[in-house]
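A.B. asks: Okay, structure incoming, though there's no sequence with it:
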């Protein structure tokens with residue numbers, strides 16, 4: 001039995017003064033009663049939260065999740081873990097399809113490797129079935145419509161390690177790609193998309209449940225001879241079935257826009273993501289990733305010509321600081337969007353300090369500086 005004590009345990013929408021008890025990787029009780037335990041930890045004065053969940057990250061600490069090695073995946077996930085991310089979806093951007101398959105293979109190997117301290121739920125493929133018009137920092141050379149022989153081959157070989165796939169529904173004209181994935185338990189997300197409402201509606205009907213980094217490479221209202229059509233953004237607001245994720249690094253979206261998104265969708269439908277690049281946590285300021293030249297300045301990664309952002313250099317703890325200090329959200333609401341909401345999207349028993357949930361726990365102070373992390377009830381640092 002493990003016992004964790006604090007006067008600031010985040011339980012739902014309140015702070016609890018008492019104890020968290022965990023056994024065999026699961027939370028068994030949240031109580032005010034002090035009971036005997038084999039391992040006891042006192043974090044009085046610090047916040048004790050469910051572990052953070054990052055649905056979308058391309059790497060960190062100089063370690064990429066594509067075009068890298070198994071060791072890169074392990075090290076990148078462990079870097080994020082030190083900042084509170086106990087559950088992670090290593091994300092693969094568009095590239096040669098064989099490279100993408102190799103990256104999934106590496107992620108599967110890392111998931112099974114005891115050196116990986118966090119929970120890798122599976123790979124998130126962000127491409128290559130995207131919109132060339134909304135490619136952002138993705139290399140347009142590798143963007144294609146869904147190719148059945150490719151995605152079926154990948155799923156047959158590595159389907160056990162594909163957790164999520166981002167696609168542009170306007171290029172899945174009969175919905176067969178989306179339906180194929182959802183029937184196999186993959187979370188299908190709409191992103192890097194120039195879709196109109198009819199395309200989004202078709203995606204929802206075939207199981208799409210999420211929008212990838214809302215307002216980043218997502219279409220908006222268009223007009224054709226006076227007739228207006230909703231884009232991905234407005235469709236996400238209209239359709240309650242859709243969750244949305246936002247890059248809450250304080251750069252990709254201004255505070256007022258974050259406030260509006262949460263106001264319209266509700267805090268129970270918004271997940272925070274880093275969308276961090278492999279250079280997160282490094283001193284690198286210039287280079288090339290997946291064929292795309294970049295620079296880092298103003299706390300964000302940009303395309304070399306500064307025409308657009310290329311991704312973030314954030315970790316999960318920074319997301320909380322931004323949401324609280326810059327966007328004006330309460331600590332409890334911000335934590336919910338980094339724990340409970342992504343857990344619901346993933347349909348896993350994580351994201352809450354609650355009986356029968358996984359004992360993934362993060363401890364941090366008033367400045368959101370992470371000091372201690374537990375995964376499955378095991379103290380990691």
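C.D. replies: Nice, thanks for sending it over. Please read all numbers here as calculations on a predicted model, not as lab measurements. Residues are numbered from 1 along each chain as shown.

A.B. asks: drop to CA atoms for contacts and neighbour counts, all remaining ones
C.D. replies: Will do.

A.B. asks: And the contacts of stretch 120-131?
C.D. replies: 55-56, 77, 87-95, 97, 100, 104, 107-108, 110-111, 142-146, 160-168, 171, 191-194 (C-alpha atoms under 8 Å, 6 or more residues apart in numbering).

A.B. asks: Filter these down to the ones in strands?
C.D. replies: 55-56, 87-93, 162-167 (DSSP state E).

A.B. asks: ok so, going back, buried subset of the contacts of stretch 120-131?
C.D. replies: Among the contacts of stretch 120-131, those classed as buried by 16 or more other C-alpha atoms under 10 Å are 55-56, 77, 87-95, 97, 100, 104, 107-108, 110-111, 142-143, 145-146, 161-168, 171, 191-194.

A.B. asks: Which strands and helices lie in contact with the longest helix seen in the chain?
C.D. replies: Longest among the helix segments of the chain by residue count, using DSSP state H, is helix 97-111. When contacts are defined as 3 or more C-alpha pairs under 8 Å, 6 or more residues apart in numbering; DSSP states H and E, helix 97-111 sits against helix 70-81, strand 85-93, strand 119-120, strand 123-126, helix 148-158.

A.B. asks: tell me the mean pLDDT for it?
C.D. replies: For helix 97-111, mean pLDDT is 97.

A.B. asks: and the direction of it versus that of helix 70-81, what angle?
C.D. replies: 60 degrees (axes from the mean of the first three to the mean of the last three C-alpha atoms, to 10 degrees).

A.B. asks: Helix 97-111 versus strand 85-93: what angle between them?
C.D. replies: Using the same axes, to 10 degrees: helix 97-111 against strand 85-93 is 170 degrees.

A.B. asks: Would you check how far apart residue 143 and residue 312 are?
C.D. replies: Residue 143 sits 21 Å away from residue 312, taking C-alpha to C-alpha, to the nearest Å as the criterion.

A.B. asks: If you could redo that for residue 47, that was the one I meant.
C.D. replies: 26 Å.

A.B. asks: from the ones in strands among the contacts of stretch 120-131, which is closest to residue 118?
C.D. replies: Nearest to residue 118 among those is residue 87, at 5.9 Å by C-alpha to C-alpha.

A.B. asks: Isn't that closest one up against residue 116?
C.D. replies: No - taking C-alpha atoms under 8 Å as the definition, residue 87 is not a contact partner of residue 116, at 11.1 Å.

A.B. asks: Let me see the residues that make contact with the longest helix of the chain.
C.D. replies: By C-alpha under 8 Å, 6+ apart, helix 97-111 touches 65-71, 73-74, 90, 92-94, 116, 119-123, 125, 128, 150, 154, 158, 161-162.
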